[in-house]
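**Q** no sequence for this one, just the structure:
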């Protein structure tokens, strides 16, 4: 079954749900999912609706324009429209640690996601074997303080060449420049190895150990210019005890990181994430 | 702000959301929440919608009839309509254990629920003091094998007298007869002290200990004729270890029970529960 | 069954377990629990052991001295010795919110803890009725910026008069002075309404909402001079979504707070908490 | 650092901890971990102790005998002794689903476990590529109703040939015969895709859907003759909602299964599991 997904944001007012559902009904759309949210303080309305395309009377290429004309403009809507038939192209950036990468490759291999992974980019050589065993091109682009800008240029060129839609930083451990981010606004997902906003920055497990917390966590978020401060997509935690060493926290944390990252990727791929004022709306 | 809540169930077909939202829009209703669900296998549609009453052009007493005539009948809808202004009247049945009762009374006292507790009924005297300290009438109706039917008649009489809407069995530990249940279909919530369907029946913590489970749980469900088999509203769990004795499982389980029961009561009071084929739909 | 509990801290070296267990064996003690921990970095050894007193050949009043002479001194041990027969006296400080207080009173009423609550102190009058319904003296000691020092003197006088062993700040919402803390080192438990170290200070639920976290939490810790920075005893979390308002976060958080606080109190009462370098060791 | 691990079970009596720790102290052992448990009802004592071998005055080959003579016999102990230097050899049995297998291979590849995986056995061909990409021999042994006994003979021959210590059924989906089990008592770990004892047998996610549970789970257990009834090593759960289809439950469940299985393998490899009366003791 082919389906269309519409994501809407507009100032809140009466009649939005009626107008959207009426449009879908008039064109023969069988609604599969509807989820809406109103930010009462900001008076903003958010909606995600999906419907079957098979019986829909409008061709794919005409839907956006028709919806804008008949509904969107009068409500000042910001729209995005997606089709389940279009496979998202996702690049994965890694450094030396393999746990998130393996988890992503395994899910991809099992056909769990409607996504292709056209390439993996790393600042180290370590994970080349793993990636190539899955038949995926691996690019080693070293990054030093001096070569950073040049390295990012190479990365961007590859992402363009491979027509990449979004980027997953699977424990990439490098800070991304504002220039790079501007090419992929809310299209770069990072996994941070702490329960943000606790323990921003490097070595969060060491900091967690020092503070003596009883629960550690991981956070998947969109990358923005401010370090570890972008909109949070997903978080998860694990219980720890005093006897766990920093190394054990790292190991236990890795299990949390890969779960959190995969859930965030899934939500992004399913077009279930909207961003407003540095917070995410996660639709059902 | 006064609001209305509409719960719908009908055979699935195109145009339901459009028809409902159009009705609300035409009468000036500002939609606050919409959640819908389609049981694809059974081809049944479920919806919960709430809207502000202040600006609504129909008086409360006319809404049900108008909606039926304009929308409900053509879709063969089963409807229920509620108003936030009507305080639900909830009876609590207890036996000897106080943890769930206290939790309910504390939440009621803190004004956390839009509910009144006109009376508490028990087959024992133990908790009279607690209940009366909160200024709530306490009725002791002993139950023995022989007096059960008679006891239930007394209970029903009190529930009628106090105009009770629904009943919470807060560790009441007695089996309710089919006759009694028929007076309150899907209006009796029981807390069972296991993660159903594991450990149906009496002494579930003993059974959990014997089986050596690593996680215990509790289940809130509507009471139906089959013991511990009614539609599940909420469940929660707690991690246990080999060194925990049965007594410790009981104690840890109590903390889970009261949390689960209070969440189920909250969902019921907020009209967020629909029942279909012995399963619950829990709306947002 | 009467039992003794011994808590030990000393520099790590070989033979400690052997020396302690030999002492207990020689005097006829049947060991019930042993848990030990070595901080490898600081080379410190920690142990908690409990044993039956009935068959023990040393009288209670002689155990401490005998253990010191035969074992403790040669290992430079810091000791503390407790008996299950001595009921801990716990004062509760509250402000206006009742959820933690009710939970504590309910557990106390159910006999869940080996503790007495000789008094409750509040800077407001609101919760007097609740407390007195449980037959516990309630003292209203208002606190203003100017009267703070004087108020603390009154509090300390009451705590002395009632022979209080430790203090629970059950959402007391006032900063405790270093002078006060010095009277109860690692004997004041506070419940902070965030997952520390995230959202230190006032209004953590507002801050959590602004940051758009997907999980909120609560932290029970011993009070030290630095605000919200004392040794963490227990933490717990709850999952939240974008649609939850600050008020809903507060309400969901209250359920977490009372669970966390009760677990911390339980650990403290069971003598299962040692503090070292601002971290807690929680024994089994 | 090389370490030795001793697992003890014996009738409970005074002096066991003293005797064990004295033995270790007398031979220069620096204790790293001690955990003990008493089953009060069965009057059985269980203990796990580990110590550094470097400074130990007894050679590895003499420890068992010396301990038996000096301590074990007088307490009627059942013993097992392990050395951190001996790498456990673990066979993995799979069918068609890859999620648990990938997780195991990824952890093995990252050096997370002190284990070798000398071979993978499957009743299907599907996962050959995955396994061989990791450089591990893959054996396809088809199993039909008639060939089952013969297939198990081939499997046992391979396990012997490869000197396998224990077997992981990573969603193998075949019932193991009592004859096979007798070769590996408490050395076969199975992952069952439900929260046992709920939903024993095939299709547990379908059963969970039908029952309308709000939480699903997975269980790792040792395989015994009675199906899905062996000693539970680890369990974990995930929250689900009414709108999740059976297929979604399967997918969400897979994430739980692989976590649970890996934790159980870790506990087994670390010699932290004892079995008594169909329950496990999981040491720290």
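**A** Arrived safely. Values in this document were obtained by computation on a predicted structure and should not be read as measured data.

**Q** Test my guess that residue A:204 contacts residue A:194.
**A** Yes: when contacts are counted by Cβ atoms under 8 Å, residue A:204 is listed as touching residue A:194 (3.5 Å). Where you see a C-beta, it was placed from the backbone N, CA and C, and this is true even at glycine.

**Q** what does chain A have sitting close to chain C?
**A** Near chain C, the residues belonging to chain A are A:37, A:40, A:195-199, A:210-215, A:217, A:231-237, A:241-243, A:245, A:278-282 when assessed by Cβ under 8 Å from any Cβ of the partner chain.

**Q** One more pass at 6 Å, please.
**A** Contact residues (Cβ under 6 Å from any Cβ of the partner chain) of chain A with chain C: A:37, A:197-198, A:211-215, A:232, A:234-235, A:237, A:242-243, A:279, A:281.

**Q** residues touching the residue of chain A most remote from its centre, list them.
**A** Distance to the chain centre peaks in chain A at residue A:243, reaching 34.8 Å (criterion: Cα atoms, centre = their mean). If a contact means Cβ atoms under 6 Å, 6 or more residues apart in numbering or on different chains, then residue A:243 has residue C:37 as its contacts.

**Q** re the thing from before, among the residues of chain A next to chain C, which are in strands?
**A** A:37, A:215, A:232, A:234, A:235, A:237, A:279, A:281 (DSSP state E).

**Q** which two from the residues you listed end up farthest apart in space?
**A** Maximum pairwise distance among these (Cβ to Cβ): 28.1 Å, between A:37 and A:215.

**Q** On the three-state scheme, the closest residue to chain B within the stretch 51-200 of chain A is what?
**A** Distances between the stretch 51-200 of chain A and chain B by Cβ to the nearest Cβ are smallest at residue A:55, namely 8.2 Å. Recorded secondary structure, residue A:55: coil (DSSP: H, G, I helix; E, B strand; the rest coil).

**Q** Need phi/psi at it.
**A** For residue A:55, the backbone dihedrals (degrees, to the nearest 10) come out as phi -90, psi 0.

**Q** pLDDT averaged over the helix ranked longest in chain A - what is it?
**A** Looking across chain A with DSSP state H, the single longest helix is helix A:246-269. Across helix A:246-269, the average pLDDT comes to 96.

**Q** which helices and strands sit right next to it?
**A** With contacts defined as 3 or more Cβ pairs under 6 Å, 6 or more residues apart in numbering or on different chains; DSSP states H and E, the packing partners of helix A:246-269 are helix A:99-109, strand A:188-192, helix A:204-211, strand A:215-222, strand A:232-239.

**Q** What residues of the helix or strand following it count as buried?
**A** With elements assigned by DSSP states H and E, the helix or strand that comes after helix A:246-269 is strand A:273-276. Buried positions in strand A:273-276, judged by neighbour count with 16 or more other Cβ atoms under 10 Å in any protein chain shown: A:273, A:274, A:275, A:276.

**Q** Quick one: classify residue A:168 as helix, strand or coil.
**A** Once three-state DSSP is applied, residue A:168 turns out strand.

**Q** residues in contact with it?
**A** Residue A:168 neighbours (Cβ under 6 Å, 6+ apart): A:90, A:92, A:189.

**Q** so which of those residues also contact chain B?
**A** Of those, not one also sits near chain B (Cβ under 6 Å from any Cβ).

**Q** Nearest to chain C among those residues?
**A** For the contacts of residue A:168, the nearest to chain C is residue A:189 (14.1 Å; Cβ to the nearest Cβ).

**Q** just wondering, since we're on the residue in the stretch 101-250 of chain A that chain C sits nearest to, how far is it from chain B?
**A** Closest contact between the stretch 101-250 of chain A and chain C, by Cβ to the nearest Cβ, is at residue A:212 (3.3 Å). Distance of residue A:212 to chain B, given as Cβ to the nearest Cβ, to the nearest Å: 21 Å.

**Q** any idea how far residue D:216 is from that residue?
**A** Distance of residue A:212 to residue D:216, computed by Cβ to Cβ, to the nearest Å: 33 Å.

**Q** which one of those two has more residues nearby?
**A** The neighbour comparison of residue A:212 against residue D:216 (other Cβ atoms under 10 Å in any protein chain shown) goes to residue D:216, with 25 against 21.

**Q** Next one: that one, what pLDDT does it get?
**A** 97.

**Q** now stretch A:130-149, how far from the centre of its chain.
**A** 21 Å (Cα atoms, centre = their mean, to the nearest Å).

**Q** Touching it from outside, list them.
**A** Under Cβ under 6 Å, 6+ apart, the answer for stretch A:130-149 is A:105, A:117, A:119-123, A:125, A:128, A:151, A:154, A:174, D:133.

**Q** Most neighbours of all the residues you listed, which one?
**A** residue A:120 (25 neighbours).

**Q** list the contacts for that residue?
**A** Taking Cβ under 6 Å, 6+ apart as the test, what residue A:120 contacts is A:92, A:131, A:136, A:138.

**Q** Out of the residues you listed, which sit inside strands?
**A** Of the positions in the contacts of residue A:120, A:92, A:138 sit in strands, assigned by DSSP E.

**Q** Max pairwise distance over the contacts of residue A:120: which two?
**A** Greatest spatial distance among these (Cβ to Cβ): A:92 and A:138, at 9.9 Å.

**Q** In chain A, where is pLDDT below threshold?
**A** Chain A contains no residues with pLDDT under 70.

**Q** cutoff 90 now
**A** A:1, A:85-86, A:130, A:145, A:201-202, A:284 (pLDDT under 90).

**Q** domains of it?
**A** A:3-83, A:88-282 (automatic domain parsing).

**Q** what about the strand or helix carrying residue A:22 and chain B, touching?
**A** Using DSSP H and E, residue A:22 falls within helix A:16-26. Yes: Helix A:16-26 reaches chain B (Cβ under 6 Å from any Cβ) through A:17, A:18, A:21, A:22, A:25.

**Q** Not counting sequence-adjacent ones, nearest residue to the fourth one?
**A** If I follow you right, that is residue A:22. Take residue A:22 and drop its neighbours on the chain: the residue closest to it by Cβ to Cβ, 6 or more residues apart in numbering or on different chains is residue B:18, 4.7 Å away.
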